[in-house]
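Visitor: Here is my input, please return the structure:
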Amino acid sequence: MNKNIELFPKETLTGKRIVLKRIFPDIDTARKIYNVENASRNEFLPWLGWIKFTLSPDDTLEFLKKSYSEWEEGLNFVFGIFLGEKFIGTITALHAAKQHRRIEIGYWLGTEFIGNGYMNEAVLLLEKELFRIGFNRIVIHTDVLNAKSANVARRAGYIHEGILRQEIFSEVAGRYRDLNVFAKLKKDISSG
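Guide: Numbering: from 1, shown residues only. Okay, the predicted model is just below:
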């Protein structure tokens, strides 16, 4: 492991309007998250295949248990996005390649909370922490047809580097999906 990268980000990151918190696996938390997932199901289906298999709070609880273990192993870091005490979405630092100082960010926001800049704030808040602990490159992938998700990356200052053609197959959509690649380097924030 590279000594210039800390093992874990802070478990709570506080922004101007939102707070990112590590999510712990318990059924009450799973119910709160599932309610937001379920209310956003139709909007998620084209982009987030896992929603098809998330049919109860128990399914969300299993995800939270897996996420908890992955955090403990230093693999992926799932944060809940909170507006006051209200859960509104998640943002995850995933696919950490510590040797190369590279990591990816993935995110979703409950439908009723879209359009208020919360995800832009969450991306910038998490990115600041990831650069602080030693990462040099942060990547965001979005489906080329998901303009809202791509706009989050653009507004946060990520550079569109290209398109990965037919990068993944979506069983839910029944098609191959082309993915945008957006990235930001640590030097991009220190020079701008």
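Visitor: where does the protein have low pLDDT?
Guide: Scanning the chain for pLDDT under 70 picks out 1-7, 190-192.
Visitor: residue contacts, the closest residue to Leu83 other than its chain neighbours?
Guide: Sequence neighbours aside, Ile18 is the residue nearest to Leu83 in space, at 5.7 Å (criterion: Cβ to Cβ, 6 or more residues apart in numbering). (C-beta placed from N, C-alpha, C; glycine too.) Going by Cβ atoms under 8 Å, 6 or more residues apart in numbering, Ile18 touches Ile81, Phe82, Leu83, Ile88, Tyr118, Glu121, Ala122, Leu125.
Visitor: swap in Thr14?
Guide: Shown in contact with Thr14 (Cβ under 8 Å, 6+ apart): Leu20, Leu125.
Visitor: So what touches the strand or helix carrying Asn151?
Guide: According to DSSP states H and E, Asn151 maps onto helix 147-155. The contact list for helix 147-155, computed with Cβ under 8 Å, 6+ apart, reads 47, 107, 114, 119-120, 123, 140, 142-144, 160, 180, 182.
Visitor: in it, what counts as buried?
Guide: Buried residues in helix 147-155, counted by 16 or more other Cβ atoms under 10 Å: Ser149, Ala150, Val152, Ala153, Arg154.
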